[in-house]
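Q: missing the sequence, but the structure's below:
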């Protein structure tokens with residue numbers, strides 16, 4: 001039975017042919033751990049909850065995990081709630097990358113909540129790529145909350161992508177505290193349709209000397225979809241550097257709102273921001289149409305470029 005569910009989940013994210021069960025991974029459906037595999041230096045301790053899974057993940061000091069750790073969180077029924085609680089610690093000078101897929105292929109009324117506490121130690125490296133797969137017609141509520149602490153010289157990057165299927169509701173809240181010489185990069189790419197609602201709040205607090213952060217959000221909304229983006233960088237230390245980048249394309253009756261907040265509390269720190277909201281660029285549109293594309297094809301290509 002578990003093997004059948006694993007196959008169904010992997011097929012929903014187009015990994016059923018390429019997945020190698022010997023790679024480090026954790027696959028969850030609802031509140032059941034279907035499959036997991038650890039490698040030396042990586043410790044995973046998942047525990048079932050009434051409505052989800054709680055998991056501790058740790059990479060030991062100095063260990064470099066050679067292949068990406070695959071995380072797959074799925075909810076296959078049409079209705080239900082999944083609550084994922086993650087406690088992640090990357091010890092000093094360790095390195096790891098995660099490839100995460102969240103899949104709700106049959107969703108009609110599904111809620112997915114994620115709470116993550118992430119600690120990246122001194123000179124450690126952490127990267128996390130998360131791709132969502134939603135049904136075309138259903139309603140999915142995705143509410144991820146993450147609190148991140150970066151030690152001296154640590155590197156942290158996270159990338160969130162939801163381009164296919166209905167968004168439903170995304171309500172994201174990520175906050176990072178950066179110590180000396182550390183770097184935080186947070187990116188999000190989302191395409192909202194119909195009456196989808198996209199709410200993103202990402203914040204970086206640059207507490208240590210020479211710490212850096214980049215918050216990059218690219219959104220497209222069409223039909224009656226709405227987007228509310230609030231990105232914030234606070235630079236408290238000398239030589240701290242930050243940049244906020246928000247670009248949004250609207251079509252039809254879509255509504256987009258961007259609030260970039262930059263705050264500098266040290267005369268030797270520097271933070272910049274740029275925000276652009278509007279329809280598809282007319283010059284780009286005309287150029288593509290002059291090369292034989294229809295207006296619809298040209299618009300789709302421009303949006304694809306923004307979200308790639």
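A: Cool, the structure landed. The shown structure was predicted, so the numbers you read here are calculated from the model rather than taken from an experiment. Numbers count the residues shown, from 1 in each chain.
Q: so, low pLDDT: which residues of the stretch 201-308 of the chain?
A: Across the stretch 201-308 of the chain, the ranges flagged by pLDDT under 70 are 285, 288.
Q: enumerate every residue touching the residue lying closest to residue 211 once chain neighbours are set aside.
A: Leaving aside its sequence neighbours, residue 211 sits nearest to residue 178 (C-beta to C-beta, 6 or more residues apart in numbering; 3.9 Å). Any C-beta I mention is one placed from the backbone N, CA and C, and that applies to glycine too. Shown in contact with residue 178 (C-beta atoms under 8 Å, 6 or more residues apart in numbering): 150, 184, 204, 205, 206, 207, 208, 211, 212, 213.
Q: so where do the helices sit in the stretch 101-250 of the chain?
A: In the stretch 101-250 of the chain, no helices are defined using DSSP state H, counting those that start in this stretch.
Q: report the longest helix in this protein, please.
A: Counting residues, the longest helix in the chain under DSSP state H turns out to be helix 295-307.
Q: helices or strands up against it?
A: strand 183-192, strand 212-221, strand 241-250, helix 282-290 (3 or more C-beta pairs under 8 Å, 6 or more residues apart in numbering; DSSP states H and E).
Q: pull up the pairing partners for the host helix or strand of residue 88, direction included.
A: Taking DSSP states H and E as the criterion, residue 88 maps to strand 79-90. Sheet pairing of strand 79-90 (DSSP bridges) gives strand 52-59 (parallel), strand 109-120 (parallel).
Q: what angle sits between the longest one and strand 183-192?
A: What it means is strand 109-120. For strand 109-120 against strand 183-192, the angle by axes from the mean of the first three to the mean of the last three C-alpha atoms, to 10 degrees is 170 degrees.
Q: sec struct for residue 61, please.
A: Three-state call for residue 61 (DSSP: H, G, I helix; E, B strand; the rest coil): coil.
Q: pretty sure it contacts residue 122?
A: No. If you go by C-beta atoms under 8 Å, residue 61 and residue 122 don't touch, sitting 9.5 Å apart.
Q: so how far is residue 208 from the residue nearest to the spatial centre of the chain?
A: With distances taken as C-alpha atoms, centre = their mean, the residue of the chain nearest its centroid is residue 160 (2.4 Å). Distance of residue 160 to residue 208, given as C-beta to C-beta, to the nearest Å: 25 Å.
Q: just grab the bridge partners of residue 213 for me.
A: Note on residue 213: beta-bridge partners by DSSP bridges are residue 184, residue 242.
Q: hmm, I was thinking of residue 145
A: Beta-bridge partners for residue 145, by DSSP bridges, are residue 115, residue 173.
Q: what do you get for the one 5 residues further on?
A: Bridge pairing for residue 150 (DSSP bridges) gives the partners residue 120, residue 178.
Q: next one: residue 49
A: Beta-bridge pairing of residue 49 under DSSP bridges involves residue 52.
Q: surely it touches residue 82?
A: No. Using C-beta under 8 Å, residue 49 is not in contact with residue 82; the gap is 9.7 Å.
Q: neighbour count for the two, which is higher?
A: Ranked by neighbour count (other C-beta atoms under 10 Å), residue 49 and residue 82 place residue 82 first, with 23 against 13.
Q: residue contacts, the more buried one?
A: 28, 30, 31, 51, 52, 73, 75, 110, 111, 112, 113.
Q: okay, those residues in CSV with distance to residue 219 next?
A: Formatted as CSV, those follow (distance: C-beta to C-beta, whole Å):
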residue, distance to residue 219
28, 28
30, 29
31, 32
51, 30
52, 28
73, 23
75, 24
110, 22
111, 22
112, 20
113, 22
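Q: list just the nearest of the residues you listed to residue 139.
A: Closest approach to residue 139 among these (C-beta to C-beta): residue 110, at 7.3 Å.
Q: what number of residues lie near the closest one?
A: By other C-beta under 10 Å, the residues close to residue 110 number 23.
Q: re the thing from before, and the two most separated of the contacts of residue 82?
A: Comparing every pair within the contacts of residue 82 by C-beta to C-beta identifies 28 and 111 as the most remote, at 15.1 Å.
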